[in-house]
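Trainee: model the following, please.
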Amino acid sequence: MAPPDTASTSARPAATDNIVEIRDVHYAVGNRAIFSGLNLSIPRGRITAVMGPSGTGKTTLLRLITGQIRPDRGQILFDGQDVSNLKRGELYELRMRMGMLFQNGALLTDLDVFENVAFPLREHTKLPDSLIRHIVLTKLQAVGLRGAAELTPPELSGGMARRVALARAMATDPELLIYDEPFAGLDPISMGMIVRLVRQMNNALGITSIVVSHDVEELAILADTSYLIAGGKVVAAGNFAELKKNDSEIVNQFMNGLADGPVAFHYSPAPDYFTQLLADEA
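Mentor: Numbering: from 1, shown residues only. You can find the predicted model right below:
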């Protein structure tokens, strides 16, 4: 990856131990609060998991970090820069330092595997075709799919498609790799492959990874640090041994997959069930 220009380097704050810092973030959609004073830090060179019940804002957090939306209050810092204060060009430059593995892979179906991985290089750089070819084949080799370079997305299994998406996310050698539900819909073998690849990529390249997932067992193997989000805030943080010992009811419910607990089955607020049924009949 080409080094940043001198002007950008001099304007950038000195590096800290955390590549991302979320400080007292508040964010709401309409009258529904998603975050109410969220605080967490993503340490450099580590794998950090973000967990929580459905609807707690995990994917919203990723959108805040990448600058797709802005918080109502608080700071989203990436390498010391407040993402919400960046101009369009500055935000575009910052995103070049990130890679994203989308939940469904989001491969371009009219391009073959090679061109899917080459896409960000062709779109964002002026590298010659010979160097792009070298980079693409290197990334495909890393995920074990160099032999599938000429296949199209419909010809791939779910696990293969996720690995191609990972190769594409790594194409620009990002400092931060973000994984949104990377294990969703995968069989146990494919899931094991992805877990191993995430760890290998993090160790070999010295990058930082954020993994959003519901898969407690896989994250127990993968994550260095984990955050559990509920009610708009972090309710627990630490390694998995520490989370398992946490005596919070909501932590216990989530970590052990319990049906009964603080996280209710029914969405609320809602009117009284029988009153509403009778009103509909009337």
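Trainee: show me where the stretch 1-150 of the chain has its strands.
Mentor: 18-29, 32-43, 47-51, 73-78, 81-82, 98-101 (DSSP state E, counting those that start in this stretch).
Trainee: okay, those, which one's buried deepest?
Mentor: Mean neighbours per residue, mean count of other CB atoms under 10 Å, is largest over the strands of the stretch 1-150 of the chain for strand 47-51, with a mean of 24. (Glycine included, C-beta is placed from N, CA and C.)
Trainee: residues in contact with it?
Mentor: Strand 47-51 is contacted by residues 40, 42, 58, 61, 198-199, 202, 208-214, 216, 219, 222-229, 254 when judged by CB atoms under 8 Å, 6 or more residues apart in numbering.
Trainee: now it against strand 32-43, angle please.
Mentor: 160 degrees (axes from the mean of the first three to the mean of the last three CA atoms, to 10 degrees).
Trainee: quick check: angle from strand 47-51 to strand 18-29?
Mentor: Going by the same axes, to 10 degrees, strand 47-51 makes 20 degrees with strand 18-29.
Trainee: partners of strand 47-51 in the sheet?
Mentor: Strand pairing for strand 47-51, using DSSP bridges, gives strand 208-212 (parallel), strand 225-230 (parallel).
Trainee: tell me where the model's unsure across the stretch 51-200 of the chain.
Mentor: Counting by pLDDT under 70, the stretch 51-200 of the chain contains low-confidence ranges at 105.
Trainee: domain map for the chain?
Mentor: Structural domains annotated on the chain: 14-97+174-281, 106-173, as defined by automatic domain parsing.
Trainee: Glu181 - nearest residue in space that isn't next to it in sequence?
Mentor: When the adjacent residues along the chain are set aside, Glu181 lies closest to Gln103, with 4.2 Å between them (CB to CB, 6 or more residues apart in numbering).
Trainee: Leu219 now?
Mentor: Nearest to Leu219 is Ala49, by CB to CB, 6+ apart, at 4.5 Å.
Trainee: tell me the predicted confidence for the one you found.
Mentor: Predicted confidence (pLDDT) for Ala49: 90.
Trainee: show me what it is bridged to.
Mentor: Note on Ala49: beta-bridge partners Val211, Ser226, judged by DSSP bridges.
Trainee: so how far is Asn18 from it?
Mentor: 16 Å (CB to CB, to the nearest Å).
Trainee: and Ala279, by the same measure?
Mentor: 52 Å.
Trainee: tell me how far the residue nearest to Val25 when sequence neighbours are not counted lies from Leu62.
Mentor: Spatially, and ignoring its direct neighbours in sequence, Val25 is nearest to Gly74 (3.6 Å; CB to CB, 6+ apart). Per CB to CB, Gly74 is found 16 Å from Leu62.
Trainee: same question for Val20.
Mentor: 11 Å.
Trainee: quickly list what's touching both of those two.
Mentor: Common neighbours of Val20 and Leu62, counting by CB under 8 Å, 6+ apart, are Ile210.
Trainee: now the helices for the stretch 51-200 of the chain?
Mentor: Taking DSSP state H, counting those that start in this stretch as the criterion, the stretch 51-200 of the chain carries its helices at 58-65, 88-95, 113-124, 129-142, 158-170, 188-205.
Trainee: which strands or helices does the first one pack on?
Mentor: Counting contacts by 3 or more CB pairs under 8 Å, 6 or more residues apart in numbering; DSSP states H and E, helix 58-65 packs against strand 18-29, strand 32-43, strand 47-51, strand 73-78, strand 176-180, strand 208-212.
Trainee: same list (the ones you listed) but as JSON lines, adding distance to Ser130.
Mentor: Formatted as JSON lines, the helices and strands packed on helix 58-65 follow (distance: least, CB to CB, whole Å):
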{"stretch": "strand 18-29", "distance to Ser130": "32"}
{"stretch": "strand 32-43", "distance to Ser130": "36"}
{"stretch": "strand 47-51", "distance to Ser130": "34"}
{"stretch": "strand 73-78", "distance to Ser130": "33"}
{"stretch": "strand 176-180", "distance to Ser130": "26"}
{"stretch": "strand 208-212", "distance to Ser130": "30"}
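Trainee: of those strands, which is nearest Asp112?
Mentor: strand 176-180 (23.3 Å; CB to CB).
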